[in-house]
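Enquirer: 3D model of this:
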Amino acid sequence: MADVALRTYVFLDSLQPQLAAFIGTTARGFLPVAGDASMFIETIEKRQGLKVACPEEIAFRMGYITAGDLESLAAGLGNNNYARYLRGVLQES
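Expert: Here you go, the predicted model:
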């Protein structure tokens, strides 16, 4: 079991060094807990004002959906933070 945890940590370190460093500093020598990664993502989103892995934004920027499609998707979400973010993506383009 320790071998699997070690491989996972190395995998995180090789793909996302900032995430591995964040987990390492918050864990203080203990095995990382599941909430650490979500805390990291939340911190990144708040500091940078960007969503991490927003499928609608990715599809729009890559040309898979139109501005009308993105507006329709945002409208279906009401007026929550995610919908406001999608509308902001439209205003930037």
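
Enquirer: what's the local residue count around the closest residue to C54 other than its chain neighbours?
Expert: For C54, ignoring the flanking residues on the chain, the nearest one in space by Cβ to Cβ, 6 or more residues apart in numbering is Y85 at 7.2 Å. From N, CA and C alone the C-beta is placed, and that goes for glycine too. Number of residues near Y85 (other Cβ atoms under 10 Å) recorded here: 18.

Enquirer: ok, now which ones touch Y85?
Expert: Residues near Y85 by Cβ atoms under 8 Å, 6 or more residues apart in numbering: 51, 54, 57.

Enquirer: got the confidence number for the second one?
Expert: You'll see C54 listed with a pLDDT of 88.

Enquirer: that one and A67, how far apart?
Expert: Plainly put, C54 is 15 Å away from A67 if you go by Cβ to Cβ, to the nearest Å.

Enquirer: out of the two, which sits in the busier spot?
Expert: Shown here are C54 and A67; by other Cβ under 10 Å, C54 has more neighbours (16 against 11).

Enquirer: distance of E56 relative to E42?
Expert: Distance, E56 to E42, by Cβ to Cβ: 19 Å.

Enquirer: higher neighbour count, the two?
Expert: E56 (20 against 12).

Enquirer: ok, and for whichever strand or helix holds the more buried one, which residues are buried?
Expert: E56 is part of helix 55-61, with elements assigned from DSSP states H and E. For helix 55-61, burial by neighbour count (16 or more other Cβ atoms under 10 Å) applies to 56-57, 60.

Enquirer: go on, stretch 80-93?
Expert: So, applying 16+ other Cβ under 10 Å, buried residues of stretch 80-93: 83, 85-87, 89.
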